[in-house]
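J.: I would like the atomic coordinates for the input below:
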Amino acid sequence: MNITVKFFSSLMEYLPRSVEGNAMAVQVDPGTSPRQILARYRVPDEEVRTVMRNGVFLPEEDRDQPLEEGDVLTVWPSIQGG
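T.: Numbering: from 1, shown residues only. Model (predicted):
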């Protein structure tokens with residue numbers, strides 16, 4: 001199954017080096033969840049603020065729901081500052 005994953009800002013460091021920009025096409029097994037995608041790329045939970053599936057916000061409790069063919073998973077980091 002094919003999906004698109006987009007990481008923004010500081011989360012782009014978790015993308016494979018071969019990826020240009022912030023988006024990549026990813027082939028995953030049916031039933032794969034957003035949380036599994038984040039684990040696959042070793043993105044620490046504490047660095048994730050916002051996760052969206054096809055432009056719709058996914059609350060923490062919905063991040064274990066399976067993705068579907070063609071979904072776009074978009075992830076933003078926690079805001080840090082000083």
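J.: Spatially nearest residue to Asp45, not counting backbone neighbours?
T.: Leu38 (7.5 Å; C-beta to C-beta, 6 or more residues apart in numbering). (Glycine included, C-beta is placed from N, CA and C.)
J.: State the helix or strand in which Arg35 lies.
T.: Element membership of Arg35 [criterion: DSSP states H and E] is helix 34-40.
J.: Now find how far off-centre that helix is within its chain.
T.: Put simply, helix 34-40 sits 7 Å off its chain's centre (C-alpha atoms, centre = their mean, to the nearest Å).
J.: and if you look at stretch 47-61?
T.: The answer for stretch 47-61 is 8 Å, by C-alpha atoms, centre = their mean.
J.: same deal with stretch 26-35?
T.: Centre-to-centre, stretch 26-35 and its host chain are 10 Å apart (C-alpha atoms, centre = their mean).
J.: CA atoms only: put that stretch into CSV for me.
T.: Output in CSV follows, covering the C-alpha atoms of stretch 26-35 (Å, rounded to 0.1, in the frame of the first residue of the first chain):
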residue,chain,number,x,y,z
VAL,A,26,6.3,5.2,1.3
GLN,A,27,5.2,1.6,0.8
VAL,A,28,3.7,0.1,3.9
ASP,A,29,1.8,-3.0,4.9
PRO,A,30,-2.0,-2.8,5.2
GLY,A,31,-3.0,-2.0,8.7
THR,A,32,0.1,0.2,9.4
SER,A,33,-0.8,3.1,11.7
PRO,A,34,0.6,6.7,11.9
ARG,A,35,2.3,5.7,15.2
